[in-house]
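Asks: Return atomic coordinates for the entry below.
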Amino acid sequence: MHIEIPFGNETLTLQIDLPDEQVVVARSKNPPGAGSWAEVVGEALSQPLGTGPIREEDLSGKRVVVITDDWG
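Replies: Purely as a prediction, here's the structure:
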């Protein structure tokens, strides 16, 4: 059985040496990533989950921290 897995901007093809009935392929309900790390982070900051963009917040006198993965 051949399985194709999205990996960044590429697709990896794997050969699984098992009968098809012994393999379960789970696919994400989410669409593929937007592309580059800068694009993904920019999109997340401009449209965060459950709130408006950070630029619309009154941050006077407040401390702000943005935590992100460093795999990019």
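
Asks: Kindly list the single helix or strand of this protein that scores lowest on mean pLDDT.
Replies: helix 37-46 (a mean of 78; mean pLDDT, DSSP states H and E).

Asks: Poorly predicted segments of the chain, please.
Replies: For the chain, the stretches flagged by pLDDT under 70 are 28-34, 68-72.

Asks: one step back: can you pull the buried residues of the least confident helix or strand of the chain?
Replies: By neighbour count on 16 or more other C-beta atoms under 10 Å, the buried set for helix 37-46 is empty. C-betas here are computed from N, CA, C, even on glycine.

Asks: Tell me where this protein has strands.
Replies: 2-7, 10-15 (DSSP state E).

Asks: Against which helices or strands is the last one packed?
Replies: With contacts defined as 3 or more C-beta pairs under 8 Å, 6 or more residues apart in numbering; DSSP states H and E, the secondary structure elements packing on strand 10-15 are strand 2-7.
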